[in-house]
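Novice: no FASTA, just this:
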């Protein structure tokens, strides 16, 4: 059975590009264009992994990460953002993120980190 991923970003091109990539790699992907939509979707469905952007119009990925970890601490979360700063990396780690990746990372690194997060012990 395919692992189910919730992909969250307010940019349609990011959702389309990475949703296609993940589907081609055998993952079942559900997308959300905002933190609010993501939280609503997450609270009514079981996901094996959440991948979220940080900056979104209706709230940020920090709050979404915090709420997802409150609902389901065992669900791995990858934060996928435009620019990685050390302070941000430390903060998302404190909130429970498994990984922080820049959107400019290679496809190989992106898929590798997803596979690692899905296999991480609870």
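Specialist: Arrived safely, thanks for sending. Being a predicted model, the structure only gives us computed values, none of them experimental.
Novice: Rank the helices and strands of this protein by mean pLDDT and give me the bottom one.
Specialist: strand 59-60 (a mean of 75; mean pLDDT, DSSP states H and E).
Novice: Show me what the helix or strand that that strand is followed by is in contact with.
Specialist: Using DSSP states H and E, the next helix or strand after strand 59-60 towards the C-terminus is helix 61-71. Residues outside helix 61-71 that contact it (CB atoms under 8 Å, 6 or more residues apart in numbering): 8, 35, 38-39, 42-43, 50, 52-56, 75, 77, 79, 81, 91-92, 95-97. Using the backbone N, CA and C atoms, a C-beta is placed for each residue, glycine as well.
Novice: Tell me the buried residues in helix 61-71?
Specialist: Neighbour-count burial for helix 61-71 flags 61-69 (criterion: 16 or more other CB atoms under 10 Å).
Novice: If we only consider these, which is nearest to residue 86?
Specialist: residue 62 (15.6 Å; CB to CB).
Novice: Tell me the one among the buried residues of helix 61-71 nearest to residue 1.
Specialist: Using CB to CB, the buried residues of helix 61-71 come closest to residue 1 at residue 68, 21.6 Å.
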